[in-house]
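> need the 3D shape of this:
(4 chains)
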There are 2 protein chains.
Amino acid sequence: MSNKTEAVRQKPEKPIDKKDVEILKLLQEDANIATADIAERINMSQSPCWRRINQFEKDGVIKQKVCLLDRNKLGMELVVFASINLNTINRKTLEEFEKRIVAFPEVVECYTMTGMIDYMLKIVAKDIQHYEQFVRNNLAEIPNIREIHSHVSVTEIKMTTQLPLDTQL
Amino acid sequence: MSNKTEAVRQKPEKPIDKKDVEILKLLQEDANIATADIAERINMSQSPCWRRINQFEKDGVIKQKVCLLDRNKLGMELVVFASINLNTINRKTLEEFEKRIVAFPEVVECYTMTGMIDYMLKIVAKDIQHYEQFVRNNLAEIPNIREIHSHVSVTEIKMTTQLPLDTQL
DNA sequence: GCTGAAACCGATAGGAA
DNA sequence: TTCCTATCGGTTTCAGC
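Below you'll find the predicted structure:
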């Protein structure tokens, strides 16, 4: 049985080429960098470099190219980490919860957790009033929630979308 | 005194034009969408649309254009939220802590918090062994840390960089 | 202010070494 | 394979409305 047939592999066997890592690092910093620039920086000519990038897009290693906006300049001062526990946990309740969570634009991230917490959410809101309203009118309306713990952030010290390719690959 | 002189305004007085919101929404989804396409979708012609986008870039509302990579396809299975408390808090200790935190590529986000926690970190690692190593060799080496609480995520339910422009502006 | 056209620049593909 | 060239499409600017 061949090993390259699975659509999503959790653990890639290939330890990824060094030049590939360089390419991905540059693209994580700036999606609009010219192929020629990347090629030059990693001592490669355009065409092969372009083909590698293209392959990453096909493979879904590069998921998307997006614009990152300045939260504060848009008047969204609040980031809240909310830990949530449910009353009863079974397939139905989990699916229902997740379906409703995903639909809220204010919830920018959601993870299931090990340990004492069932879910961890990252929520963005304009200010504390808007957050309160969101919890009351939207979040708390989801059935089966037992506990919500809100951890409110004051200042953003670091925020990047760049994965630690250097140290973790 | 004019009001447009401050470099960073926390609360913009301008409630941002509806068409501008549409533009930003589209760019949050796809950084490579053609200006002509945006213009068409919001019933505007290219040039003024382009000028608005350009202004957003100048103003820093659009911070950067980046490629988002697939964490799992790169073999980074772990996201950890680590809450941290320091022993003594003063300007020196805070600045020292933040300076060292920012330098770790594994720490992708860091916030100061209200309430019981001093800092909340979001950390990305290959697996639990790598995370343990990172905490031992890097994080715990920062002086003045009293407590680290690690909240380990299992599954990513939602993850977006899109700010809730519709509901929070 | 908006529109439409024209010039420029870079990405993509194909062909030669 | 890499290099080089042609084509295509998008961005950007500018003249006219």
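
> ok, the most centrally placed residue in chain A - contacts?
Nearest to the geometric centre of chain A sits residue A:109, at 6.7 Å (CA atoms, centre = their mean). Contacts for residue A:109 (CB atoms under 8 Å, 6 or more residues apart in numbering or on different chains) come out as A:120-122, B:156, B:158-160. Every residue, glycine included, has its C-beta placed from N, CA and C.

> mind checking which of the residues you listed are in strands?
If you go by DSSP state E, the contacts of residue A:109 have A:120-122, B:156, B:158-159 in strands.

> hang on, the earlier thing: wait, is the residue nearest to the centre of chain A part of a strand?
Yes. Residue A:109 forms part of a strand when assessed by DSSP: H, G, I helix; E, B strand; the rest coil.

> tell me how far it lies from residue B:119.
Distance of residue A:109 to residue B:119, given as CB to CB, to the nearest Å: 18 Å.

> so which bits of the host helix or strand of residue A:48 are buried?
Residue A:48 belongs to helix A:46-59 when assigned by DSSP states H and E. By 16 or more other CB atoms under 10 Å in any protein chain shown, the buried positions in helix A:46-59 come out as A:49, A:52-53, A:56.

> tell me, which of those residues make contact with chain B?
Counting by CB under 8 Å from any CB of the partner chain, nothing from the buried residues of helix A:46-59 sits close to chain B.

> thinking again about what came up before, among the ones in strands among the contacts of residue A:109, name the buried ones.
Listed as buried from those are A:120-122, B:158; burial here means 16+ other CB under 10 Å.

> circling back to that earlier point, identify the residues contacting the helix holding residue A:48?
Outside helix A:46-59, the residues that reach it (CB under 8 Å, 6+ apart) are A:19-20, A:23-24, A:27, A:35-36, A:38-39, A:42, A:62, B:73.

> when you check DNA strand D, which of those turn up near it?
Checked against DNA strand D using CB under 7 Å from any atom of the strand, the contacts of helix A:46-59 give no members in range.

> in a markdown table, list those residues along with secondary structure, pLDDT and distance to residue B:127.
Shown next, in a markdown table, are these (DSSP: H, G, I helix; E, B strand; the rest coil; pLDDT from 0 to 100; distance: CB to CB, whole Å):
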| residue | secondary structure | pLDDT | distance to residue B:127 |
| --- | --- | --- | --- |
| A:19 | helix | 90 | 25 |
| A:20 | helix | 92 | 21 |
| A:23 | helix | 94 | 24 |
| A:24 | helix | 95 | 19 |
| A:27 | helix | 96 | 24 |
| A:35 | helix | 94 | 33 |
| A:36 | helix | 92 | 37 |
| A:38 | helix | 93 | 29 |
| A:39 | helix | 92 | 33 |
| A:42 | coil | 90 | 28 |
| A:62 | strand | 95 | 23 |
| B:73 | coil | 94 | 15 |
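
> got CSV for those residues, with distance to DNA strand C and neighbour count too?
Below are those laid out as CSV (distance: CB to the nearest atom of the strand, whole Å; neighbours: other CB atoms under 10 Å in any protein chain shown):
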residue, distance to DNA strand C, neighbour count
A:19, 17, 15
A:20, 16, 18
A:23, 13, 24
A:24, 15, 23
A:27, 11, 23
A:35, 5, 16
A:36, 5, 12
A:38, 8, 22
A:39, 9, 19
A:42, 15, 17
A:62, 12, 22
B:73, 20, 18
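
> can I get those in CSV with distance to residue B:152?
Listed next are the contacts of helix A:46-59 as CSV, based on distance: CB to CB, whole Å:
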residue, distance to residue B:152
A:19, 33
A:20, 28
A:23, 30
A:24, 25
A:27, 28
A:35, 38
A:36, 42
A:38, 35
A:39, 39
A:42, 35
A:62, 27
B:73, 20
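
> ok, of those residues, which one's closest to residue A:83?
residue B:73 (27.8 Å; CB to CB).

> check contacts around the nearest residue to that closest one once chain neighbours are set aside.
Spatial nearest neighbour of residue B:73, excluding adjacent residues (CB to CB, 6 or more residues apart in numbering or on different chains): residue A:61 at 5.1 Å. Listed by CB under 8 Å, 6+ apart, the contact partners of residue A:61 are A:24, B:69-70, B:73-74.

> what bridges to residue A:86?
For residue A:86, the beta-bridge assignment (DSSP bridges) gives partners residue A:145.

> how about the contacts made by it?
Taking CB under 8 Å, 6+ apart as the contact definition, residue A:86 lies against A:93-94, A:97, A:118-119, A:144-146.

> widest-spaced pair of those residues?
Within the contacts of residue A:86, A:94 and A:146 form the most distant pair, 13.6 Å apart (CB to CB).

> what about the two, which has more around it?
A count of neighbours by other CB atoms under 10 Å in any protein chain shown puts residue A:94 above the other of residue A:94 and residue A:146, at 17 against 10.

> helix, strand or coil for that one?
Classification of residue A:94 by three-state DSSP places it in helix.

> and stretch A:125-138, which residues are buried?
Buried positions in stretch A:125-138, judged by neighbour count with 16+ other CB under 10 Å: A:125-126, A:130-131, A:134-135, A:138.

> quick one: which of those is nearest chain B?
Minimum distance to chain B across the buried residues of stretch A:125-138 is 4.6 Å, recorded for residue A:126 (CB to the nearest CB).

> right, I'll leave it there.
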